[in-house]
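**Student:** Predicted model and sequence follow; I will ask about them next.
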Amino acid sequence: MPPPSLNGHQQPYYRNYSSSSSASLKGCCCCIFLLLAFLALVVLAVVLIVMLAVKPKKPQFDLQQVAVMNMGITSPDNPNPGVTDPTTASLSFTIHMLFTAGNPNKVGIRYGESSFTVMYKGLPLGRATVPGFYQDAHTTRDVEATITVDRVNLMQGNAADLVREASLNDRVELTVKGDVSAKIRVMNFDSPGVQVSVNCGIGISPRKQALIYKQCGFDGLTV
């Protein structure tokens, strides 16, 4: 009860609503946060249960065909074909590769942009990029990539090895490496990204403009 005034009139009394309003607001925000956290946990639990039921497997990626076109080796400082130790040499060719992507899963796979690089003794010669795509469950799809190498210069040891291999053995050994990124898609949700590394060794005949051999391996699945 408020104290009486000195002149005999009662003073007006005002309640303090600020503290109660602040407490109510904090309680409301806390409830909303707990509700959102609960819903997120429920969604995560459902996705995990579905993933365990589906048992996702890594996509299968393999190099099926290789076509070589317009391959040429020139050595400006080596006009005599009998000399196999030039200091410089340039390499030109176009290589067309056909990969098959297999999806052994019960659900679809969404591939991101993939890149493939052709190399000679660890030296990058050219690179191709394949746009991303979606692949349905239990399907196989062709993926094509073309790399054009236009007069890439090799120096010293690499140049000598290239000219020697081409002139004496009619063979040039190249390496094709690629990184294929993919996500398993379950109930309109994408799994964490995974990556399959492709590593292929190929042998090419400069005279026949043809593939001699290919040997591919996969470095496995990395998250």
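**Tutor:** Everything's here; your move.
**Student:** Just give the nearest non-adjacent residue to the spatially most central residue of the chain, would you?
**Tutor:** Residue closest to the average C-alpha location in the chain (Cα atoms, centre = their mean): S181, at 3.0 Å. Spatial nearest neighbour of S181, excluding adjacent residues (Cβ to Cβ, 6 or more residues apart in numbering): G112 at 4.0 Å. Where you see a C-beta, it was placed from the backbone N, CA and C, and this is true even at glycine.
**Student:** Now the phi/psi pair for the one you found, please.
**Tutor:** phi -90, psi -180 (degrees, to the nearest 10).
**Student:** In the protein, where is pLDDT below threshold?
**Tutor:** Residues of the chain that meet the criterion pLDDT under 70 lie in 1-23, 25-27, 43-54, 76-86, 156, 186-187, 189, 191, 218-223.
**Student:** Where do the helices of it begin and end?
**Tutor:** 18-54, 156-164 (DSSP state H).
**Student:** which residues sit in contact with the residue nearest to S181?
**Tutor:** The contact partners of G112, taken as Cβ atoms under 8 Å, 6 or more residues apart in numbering, are 132, 181-183, 193.
**Student:** now those: which count as buried?
**Tutor:** 181-183 (16 or more other Cβ atoms under 10 Å).
**Student:** Using TSV, lay out those residues together with distance to L39.
**Tutor:** Converted to TSV, the buried ones among the contacts of G112 look like this (distance: Cβ to Cβ, whole Å):
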residue	distance to L39
S181	29
A182	28
K183	23
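**Student:** The protein: strands as residue ranges?
**Tutor:** 60-74, 88-103, 108-111, 114-120, 123-130, 133-135, 139-155, 172-186, 189-190, 194-205, 210-222 (DSSP state E).
**Student:** quick one on the thing from earlier: ok, the residue nearest to the centre of the chain touching I109?
**Tutor:** No - the pair S181 and I109 does not pass the contact test of Cβ atoms under 8 Å, sitting 10.5 Å apart.
**Student:** In this structure R110 contacts G193, no?
**Tutor:** No - counting by Cβ under 8 Å, G193 is not a contact partner of R110; they are 9.6 Å apart.
**Student:** Now for the closest residue to R151 other than its chain neighbours, how many residues are close by?
**Tutor:** Computed as Cβ to Cβ, 6+ apart, the closest residue to R151 that is not its neighbour in sequence is S90, at 4.6 Å. Neighbourhood size, S90 [other Cβ atoms under 10 Å]: 17.
**Student:** can you check C28 too?
**Tutor:** 10.
**Student:** what do you get for the one 3 residues further on?
**Tutor:** Here the number of neighbours of C31 (other Cβ under 10 Å) works out to 10.
**Student:** Would you mind measuring from it to F38?
**Tutor:** 11 Å (Cβ to Cβ, to the nearest Å).
**Student:** same deal with M155?
**Tutor:** Counting by Cβ to Cβ, the gap from M155 to F38 is 64 Å.
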